[in-house]
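# missing the sequence, but the structure's below:
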């Protein structure tokens with residue numbers, strides 16, 4: 001028996017030497033009937049542990065002594081010095097899409113700072129080299145390892161002396177986005193202490209059935225929805241709650257494979273991709289289906305909770321309507337169109353959710369407001385992409401505050417929670433977050449916004465008025481809003497009534513309006529002078545010719561959310577990107593642009609001021 005075990009151990013260790021993951025080793029072993037009942041836990045008991053080597057940050061020129069490590073099974077000598085200090089591990093966000101990890105990186109760096117202030121050794125696991133948190137001199141130790149259960153557990157066992165070290169406080173999963181949150185349940189099952197909100201409570205926010213029951217019990221409205229694993233199951237839900245519906249895989253990053261669909265045919269096409277995306281190393285996850293609340297106003301709330309008290313970081317009103325991924329939507333602090341009653345309800349609902357979810361640390365809630373009713377879109381007990389924006393707008397370092405709460409401190413020890421919550425919407429300055437897109441560098445990609453995140457960065461504009469803050473944000477994002485000239489307007493039939501008010505404002509501001517046949521006829525019928533131009537499909541000279549001749553200063557083209565765009569619309573939007581002509585694809589963004597133009601036309605000057613002057617003024 002010992003011989004068999006030794007032979008098996010040698011075979012497993014040889015596979016590990018050649019770089020096979022535990023999951024792949026199991027697949028190989030299970031080809032043999034004898035090992036069909038083998039699992040990863042048994043495998044970990046048999047195989048050797050990796051050793052950790054120091055990264056040579058001096059390229060061999062000098063002796064390196066940086067606490068920057070990688071694992072290997074091809075060596076016997078371990079270079080990590082495990083201390084007896086109090087310590088905690090923070091899981092980073094891993095290598096997700098370019099530009100989509102910086103917000104979580106910001107949170108991780110602030111969490112490191114908080115740990116150090118509390119005299120706790122800060123250890124990071126992250127393998128995205130394009131982050132500040134993976135700079136070798138930021139944390140006390142950095143393990144440049146993949147964010148998989150196997151690799152994370154290996155580091156934890158190393159630093160906690162196989163989970164026996166009382167000075168090992170646990171793991172923080174709240175600052176690595178969906179990547180780290182997805183590991184919470186599995187880590188707890190392995191006996192690892194997850195700091196802050198517990199995995200079973202995190203799961204309420206991720207698990208559809210649990211979350212719906214949770215919100216029902218609290219009397220909080222949520223858009224109708226359901227979950228399914230197959231096209232047939234998802235179609236049944238969609239037909240029951242009626243189209244349009246928002247469909248997405250659960251436990252995914254950046255709204256990947258999220259779409260708004262309007263028919264069974266579109267749903268069938270969508271499911272081909274979604275089923276693939278919904279599987280990962282931890283198993284297969286369901287597809288989530290929600291009734292899409294068209295023409296709703298979307299809001300984000302970032303909060304910190306210590307289990308009893310709740311600090312409302314800020315309420316952000318999205319400038320684009322619901323249905324645009326929150327990472328792609330411009331947002332404003334304080335809100336601009338919400339009533340006092342709605343704001344009060346948002347605060348109370350956030351507190352109710354945070355306390356009943358037993359939140360310890362960060363919480364982000366996305367709301368949709370329609371017909372004066374508040375619906376919860378989702379509640380995530382973790383840091384969101386908006387934390388840096390809120391922190392810079394308010395001056396409160398939310399991630400650092402949340403980390404100290406995660407370590408056991410009470411909010412009221414750290415600041416006056418009641419006073420802050422009372423004044424959360426009373427700031428004299430206005431901050432606008434705008435996003436930066438990579439469309440110019442991605443040929444043939446349609447620059448239309450939707451439920452899947454596509455941006456690669458963001459900027460903030462700050463001023464004493466919304467119009468000026470929005471103008472600054474757009475300018476910083478690379479869009480210079482024209483204050484006069486010619487604008488092109490082309491919208492869907494269902495948007496013509498709303499665009500009428502917008503067109504009238506442009507007309508009153510002495511802009512020359514150019515439009516295609518349907519929009520042109522509608523505007524003329526309502527007394528708004530405009531010049532008709534041919535559609536691309538109608539021959540030349542058409543709108544593309546005008547754009548190429550630099551005769552258009554602003555393009556307004558509103559497609560239907562989630563629907564494959566018509567060829568003309570796509571070509572117009574694509575040309576706007578390539579010719580660097582400002583373009584707008586949502587009605588609400590058009591209204592914000594008009595506000596900015598009116599503000600500057602009134603003579604309000606663009607000035608530069610220290611952000612602290614705004615906060616303290």
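Noted; the coordinates are in hand. Keep in mind it's a predicted model, so treat the numbers as computed, not measured. Numbers count the residues shown, from 1 in each chain.

# which intervals of this protein have sub-threshold pLDDT?
1-4, 57-65, 96-100, 250-257, 273-285, 561-566, 617 (pLDDT under 70).

# Please parse it into its domains.
2-46, 51-195, 224-291, 297-427, 480-601 (automatic domain parsing).

# Could you export those domains as TSV, including distance to residue 201 and mean neighbour count?
C-betas here are computed from N, CA, C, even on glycine. Output for the domains of the chain, formatted as TSV (distance: least, Cβ to Cβ, whole Å; neighbours: other Cβ atoms under 10 Å):
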stretch	distance to residue 201	mean neighbour count
domain 2-46	25	13
domain 51-195	10	19
domain 224-291	16	18
domain 297-427	5	21
domain 480-601	32	18
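
# Determine which of these approaches residue 457 most closely.
domain 51-195 (4.9 Å; Cβ to Cβ).

# The closest one: end-to-end distance?
26 Å (Cα to Cα, to the nearest Å).

# picking that back up, include distance to residue 450 when you put the domains of the chain into TSV, please.
Output for the domains of the chain, formatted as TSV (distance: least, Cβ to Cβ, whole Å):
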stretch	distance to residue 450
domain 2-46	33
domain 51-195	15
domain 224-291	7
domain 297-427	7
domain 480-601	6
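
# quick one, which of the ones you listed is nearest to residue 474?
Of all the domains of the chain, it is domain 480-601 that lies closest to residue 474, at 5.5 Å by Cβ to Cβ.

# Out of the domains of the chain, flag the one nearest residue 203.
Closest to residue 203 of the domains of the chain, according to Cβ to Cβ: domain 51-195, at 6.3 Å.

# What does residue 315 show for phi and psi?
The phi/psi pair for residue 315 (degrees, to the nearest 10) reads phi -110, psi 120.

# Tell me what it is bridged to.
With DSSP bridges as the criterion, residue 315 is bridged to residue 301.

# same question, residue 458
As for beta bridges, residue 458 partners with residue 435 under DSSP bridges.

# Hmm, it is touching residue 435, no?
Yes: if you go by Cβ atoms under 8 Å, residue 458 and residue 435 touch, sitting 4.9 Å apart.

# Now residue 420: closest residue in space that isn't a chain neighbour?
residue 311 (6.2 Å; Cβ to Cβ, 6 or more residues apart in numbering).

# just the helices in the stretch 451-600 of the chain please.
466-476, 496-508, 517-525, 543-548, 567-578, 587-601 (DSSP state H, counting those that start in this stretch).

# In TSV, list those helices along with distance to residue 215.
Putting the helices of the stretch 451-600 of the chain into TSV (distance: least, Cβ to Cβ, whole Å) gives the following:
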stretch	distance to residue 215
helix 466-476	32
helix 496-508	31
helix 517-525	41
helix 543-548	46
helix 567-578	37
helix 587-601	26
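
# To residue 448, which of the domains of the chain lies closest?
Closest approach to residue 448 among these (Cβ to Cβ): domain 480-601, 5.2 Å.

# any idea how far that closest one is from the chain center?
Averaging C-alpha coordinates over domain 480-601 and over its chain gives two centres that are 30 Å apart (Cα atoms, centre = their mean, to the nearest Å).

# before we move on, back to that, and the angle for the helix or strand where the residue nearest to residue 420 lies with helix 587-601?
Under the criterion of DSSP states H and E, residue 311 resides in strand 310-321. Strand 310-321 and helix 587-601 meet at an angle of 90 degrees, taking axes from the mean of the first three to the mean of the last three Cα atoms, to 10 degrees as the criterion.

# Could you list which residues are in contact with the nearest residue to residue 268 once chain neighbours are set aside?
Spatial nearest neighbour of residue 268, chain neighbours left out: residue 231 (6.1 Å); criterion: Cβ to Cβ, 6+ apart. Neighbour list for residue 231: 267, 268, 271 [criterion: Cβ atoms under 8 Å, 6 or more residues apart in numbering].

# just curious, which of those residues is nearest to residue 298?
residue 267 (23.1 Å).

# and that closest one, that's in a strand?
No: under DSSP: H, G, I helix; E, B strand; the rest coil, residue 267 falls outside any strand and is assigned helix.

# Pull up the distance across stretch 576-593, start to finish.
End-to-end span of stretch 576-593 (Cα to Cα): 17 Å.

# Now do the residue nearest to residue 268 against residue 611, distance only.
Taking Cβ to Cβ, to the nearest Å as the measure, residue 231 falls 50 Å from residue 611.

# What of residue 595?
Taking Cβ to Cβ, one finds residue 595 at 22 Å from residue 611.

# same deal with residue 71?
As judged by Cβ to Cβ, residue 71 and residue 611 stand 41 Å apart.

# any idea how far the strand or helix carrying residue 106 is from the chain center?
Using DSSP H and E, residue 106 sits within helix 102-117. Centroid separation between helix 102-117 and its chain, computed with Cα atoms, centre = their mean, is 17 Å.

# For it, give me every contacting residue.
Helix 102-117 has contacts (Cβ under 8 Å, 6+ apart) with 88, 90, 92-93, 121-122, 124, 126, 128, 131-133, 138-140, 172, 174-177, 362, 383-388, 391, 397, 399-404, 407, 457-458.

# dump the residue contacts of residue 194.
Per Cβ under 8 Å, 6+ apart, neighbours of residue 194: 170, 171, 173, 184, 187, 188.

# now residue 514, nearest residue through space, not along the chain?
Excluding the flanking residues, the one nearest residue 514 by Cβ to Cβ, 6+ apart is residue 488, at 4.7 Å.

# For residue 309, grab phi and psi.
Note on residue 309: backbone dihedrals following degrees, to the nearest 10 are phi -90, psi 150.

# Could you check how far it is from residue 87?
Using Cβ to Cβ, residue 309 is found at 28 Å from residue 87.

# so residue 531 sits right up against residue 517, yeah?
No: under the criterion of Cβ under 8 Å, residue 531 makes no contact with residue 517, lying 11.8 Å away.

# among the domains of the chain, which is nearest residue 212?
In terms of Cβ to Cβ, the element of the domains of the chain nearest to residue 212 is domain 224-291, at 7.4 Å.

# Endpoint to endpoint, that closest one covers what distance?
End-to-end distance of domain 224-291 (Cα to Cα): 5 Å.

# how much does the helix or strand where residue 346 lies deviate in direction from strand 310-321?
Counting by DSSP H and E, the element that carries residue 346 is helix 340-356. If you take the same axes, to 10 degrees, helix 340-356 sits at 130 degrees to strand 310-321.

# by contact count, what packs against helix 340-356?
For helix 340-356, the elements it packs on are helix 208-218, strand 297-306, strand 310-321, strand 360-370, strand 373-380, judged by 3 or more Cβ pairs under 8 Å, 6 or more residues apart in numbering; DSSP states H and E.

# Make TSV from those and add distance to residue 36 to it.
Shown next, in TSV, are those (distance: least, Cβ to Cβ, whole Å):
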stretch	distance to residue 36
helix 208-218	31
strand 297-306	45
strand 310-321	49
strand 360-370	41
strand 373-380	38
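
# Residue 513 is nearest to which of these?
Closest approach to residue 513 among the helices and strands packed on helix 340-356 (Cβ to Cβ): strand 310-321, 22.5 Å.

# So what's the gap between whichever helix or strand comes after the closest one and the chain middle?
Using DSSP H and E, the next helix or strand after strand 310-321 towards the C-terminus is strand 331-333. Centroid displacement of strand 331-333 relative to its chain, using Cα atoms, centre = their mean, is 16 Å.

# Strand 331-333 pairs with which strands?
For strand 331-333, the paired strands and their directions (DSSP bridges) read strand 310-321 (antiparallel), strand 430-436 (antiparallel).

# Next, the angle from the first one to strand 360-370.
So that's strand 310-321. Calculated by the same axes, to 10 degrees, strand 310-321 forms an angle of 40 degrees with strand 360-370.

# Strand 310-321: how far from the chain's middle?
The answer for strand 310-321 is 14 Å, by Cα atoms, centre = their mean.
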